[in-house]
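Trainee: following is a predicted model, sequence given first.
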Amino acid sequence: MKIIITGGGWAGCSAAYAARIQGAEVVLLERTDSLLGTGLVGGIMRNNGRFTATEEMIAMGGGEIFRIIDKTCRHTNISFPGHEHASLYDIAKTPTAVANYLKEIGVLVKLQERVIKAQAEDGVIKSVETSKGTVYEGDAFIDTTGTAGPMHNCSKYGNGCAMCVLRCPSFGGRVSLAGLCGVHEITGQKANGTKGAMSGSCKLYKESLAPEIVDTLNQKGVAVIPLPEEFIENHLSVKACQQYALKEFAENIILLDTGHAKLMTPFYPLEKLRRIPGFENARYEDPYSGGKGNSMRYFNMSPRTNDLKVDGMKNLFCAGEKAGLLVGHTEAIVTGVLAGYNSTRFLKEKPLLILSRKTAIGEAIAYVGEEMQTEEGLGKKYTFSGSVFFDHMKKLDLYRTDINEIRENVEKEGLLNIFAS
């Protein structure tokens, strides 16, 4: 079994791990010089319903990536407006820890390999080719190329290239593997009907802030600075991360410590920011032009079934944002594990796994798939950690924080250690 994965973000790394422990030969192709994608500047885990999803995946036997993250956290069990029991991982240590683990288990990681061509016939992909001219043949493929950018989308639907961690000018823009195969993909919308959504946070160079702010971040993991009315910048409606679209995120500067100071707004004018006490010397780390905008996301999502197989293709799976309007690292990891596992099931000619809707993960995959069939649903974003889907979780009594109770529910659904079996 040889499985080729395009895209080395959280979804791609998790798919590689899941396929490899099932015995597959796995090649992970990443167009930049680092793994984890937006996870290089992310950092928020286990907040609200993400705790449930994390512990479900651990109970299902697919939790090794989460265990690595837990070991690299700077802060655990913190609270900030609208969010409880969150963990913040270290954005410097975590990518290295994940990359080392994948190499240890035998995943072949190929950096700076941007896929630009695919050879497919009758719905079967035979090989992909990168911009270097290298051809990779495989038996099954997983598209985890994400939905952000490239630059022309950020210019057409956003405020232009903001020089974010995706680094399109350096490594070339995102290319959808499913799109190369002729799959008619789906584009998300903002609430007002315009296409895409803007990334929801910026990162400030922590040492550029006042010492008292830095001390608070280092000790508590979170700093909330109230804003005078004339400093309020409300960009909440444009952001992908609607779980952070509460009024508190407009009325305050909310910072989280992930190594950088994670500023919980899509962008904030730099000149105005430097007029706020403690931010006189503030400098953006991601995106570098965070004073004017941020990256645009949710273009080119793949139509798929609940086993994460791409519609119209026989040996192509998808995960992360490619699998729909799911926002966040936890969401990318759990879909990545399922896609990686099912790619090996497909090659072993075994029935593909669809997770029970009596689990938070199974319900998320199925519910988002249904919602994306509607015009209204395309204008929303879904995450375990807040907004539409977290409310849905609570209505169905799927939000749990008792680890034993979560494990018992997974076992009841016949899914205990399923990904490790």
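Mentor: Sure thing, it's come through. Numbering: from 1, shown residues only.

Trainee: where does the chain have low pLDDT?
Mentor: 236-245 (pLDDT under 70).

Trainee: quick one, domains of it?
Mentor: 2-194+296-420, 199-286 (automatic domain parsing).

Trainee: so how far is Leu255 from the residue nearest to Lys206 when sequence neighbours are not counted?
Mentor: Ranked by Cβ to Cβ, 6 or more residues apart in numbering and with sequence neighbours excluded, the top spatial neighbour of Lys206 is Ala261, at 4.5 Å. Yep, even glycine has a C-beta here, placed from its N, CA and C like the rest. Ala261 is 5 Å from Leu255, where distance means Cβ to Cβ, to the nearest Å.

Trainee: give me the common contacts of those two.
Mentor: Common contact partners of Ala261 and Leu255 (Cβ atoms under 8 Å, 6 or more residues apart in numbering): 204, 213, 217, 223.

Trainee: the second one: how many residues sit nearby?
Mentor: In other words, Ile213. 21 (other Cβ atoms under 10 Å).

Trainee: give me the element it is part of.
Mentor: helix 211-220 (DSSP states H and E).

Trainee: picking up where we left off before, just the domains of the chain: most buried one?
Mentor: domain 2-194+296-420 (a mean of 21; mean count of other Cβ atoms under 10 Å).

Trainee: quote the end-to-end distance of that one.
Mentor: Terminal residues of domain 2-194+296-420 lie 19 Å apart, using Cα to Cα, to the nearest Å.

Trainee: and if you look at stretch 377-387?
Mentor: 13 Å.

Trainee: next: stretch 409-418.
Mentor: First-to-last distance for stretch 409-418 - Cα to Cα - comes to 13 Å.

Trainee: quick check: which helices or strands does the longest helix seen in the chain pack against?
Mentor: As assigned by DSSP state H, the longest helix anywhere in the chain is helix 329-347. If you count contacts as 3 or more Cβ pairs under 8 Å, 6 or more residues apart in numbering; DSSP states H and E, helix 329-347 packs onto strand 2-6, helix 10-21, strand 44-45, helix 49-59, helix 64-71, strand 140-143, strand 316-318, helix 360-371.

Trainee: for Val337, find the nearest of these.
Mentor: helix 10-21 (4.4 Å; Cβ to Cβ).

Trainee: got the angle between the next helix or strand after the closest one and strand 2-6?
Mentor: Going down the chain from helix 10-21, the next helix or strand is strand 25-29, by DSSP H and E. On the basis of axes from the mean of the first three to the mean of the last three Cα atoms, to 10 degrees, strand 25-29 is oriented at 20 degrees to strand 2-6.

Trainee: just checking: what are the partner strands of strand 25-29?
Mentor: strand 2-6 (parallel), strand 108-110 (parallel) (DSSP bridges).

Trainee: in TSV, list these along with distance to Leu325.
Mentor: Formatted as TSV, those follow (distance: least, Cβ to Cβ, whole Å):
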stretch	distance to Leu325
strand 2-6	20
strand 108-110	28
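
Trainee: right, and Arg289 touches Cys154 too?
Mentor: That one is not Arg; residue 289 is Ser. No - using Cβ atoms under 8 Å, Ser289 is not in contact with Cys154; the gap is 10.5 Å.

Trainee: please enumerate the shared neighbours of these two.
Mentor: Taking Cβ under 8 Å, 6+ apart as the contact rule, Ser289 and Cys154 both touch 160-162.

Trainee: which one among these gets closest to Gly82?
Mentor: Closest to Gly82, out of all of those and judged by Cβ to Cβ, is Ala162, at 25.4 Å.

Trainee: just give the closest residue to the closest one, not the sequence neighbours.
Mentor: Nearest to Ala162 is Pro287, by Cβ to Cβ, 6+ apart, at 3.7 Å.

Trainee: and that neighbour, what does it touch?
Mentor: 162-165, 202, 293-295.

Trainee: tell me how far stretch 265-279 is from the chain's mean position?
Mentor: Computed by Cα atoms, centre = their mean, to the nearest Å, the separation of stretch 265-279 from the middle of its chain amounts to 26 Å.

Trainee: pull up the distance across it, start to finish.
Mentor: End-to-end for stretch 265-279, by Cα to Cα: 15 Å.

Trainee: ok, now stretch 273-281?
Mentor: Stretch 273-281: ends 9 Å apart by Cα to Cα.

Trainee: now do that stretch: everything it contacts.
Mentor: Contacts of stretch 273-281 (Cβ under 8 Å, 6+ apart): 208-210, 212-213, 225, 227, 231, 253, 282, 291.

Trainee: spatially, which two of these are the most separated?
Mentor: The widest separation within those (Cβ to Cβ) is 23.2 Å, between Glu212 and Gly291.

Trainee: my read: Thr401 touches Glu56, true?
Mentor: No - when contacts are counted by Cβ under 8 Å, Thr401 is not listed as touching Glu56 (12.0 Å).

Trainee: can you map out the helices along the stretch 201-350 of the chain?
Mentor: Assigned by DSSP state H, counting those that start in this stretch, the helices in the stretch 201-350 of the chain fall at 211-220, 248-251, 270-273, 329-347.

Trainee: compare the ones you listed and give me the one nearest Glu30.
Mentor: helix 329-347 (13.6 Å).

Trainee: next, the angle from the closest one to helix 360-371.
Mentor: Using the same axes, to 10 degrees, helix 329-347 lies at 90 degrees relative to helix 360-371.

Trainee: for helix 329-347, what is the distance to the chain centroid?
Mentor: On Cα atoms, centre = their mean, the centre of helix 329-347 falls 13 Å from that of its chain.

Trainee: what do you get for stretch 220-235?
Mentor: Counting by Cα atoms, centre = their mean, stretch 220-235 comes out at 25 Å from the chain centroid.

Trainee: contacting residues around the closest residue to Ser421 other than its chain neighbours?
Mentor: In space, and not counting its chain neighbours, Ser421 is closest to Gly61: 6.8 Å by Cβ to Cβ, 6+ apart. Gly61 makes contact with 416-421, according to Cβ under 8 Å, 6+ apart.

Trainee: what's the farthest-apart pair in the contacts of Pro287?
Mentor: Going by Cβ to Cβ, the pair spanning the contacts of Pro287 furthest: Val165 and Gly293, at 14.2 Å.

Trainee: at which residues are the strands of the stretch 251-400 of the chain located?
Mentor: Assigned strands in the stretch 251-400 of the chain, in chain order: 252-257, 261-263, 284-286, 296-297, 316-318 (criterion: DSSP state E, counting those that start in this stretch).
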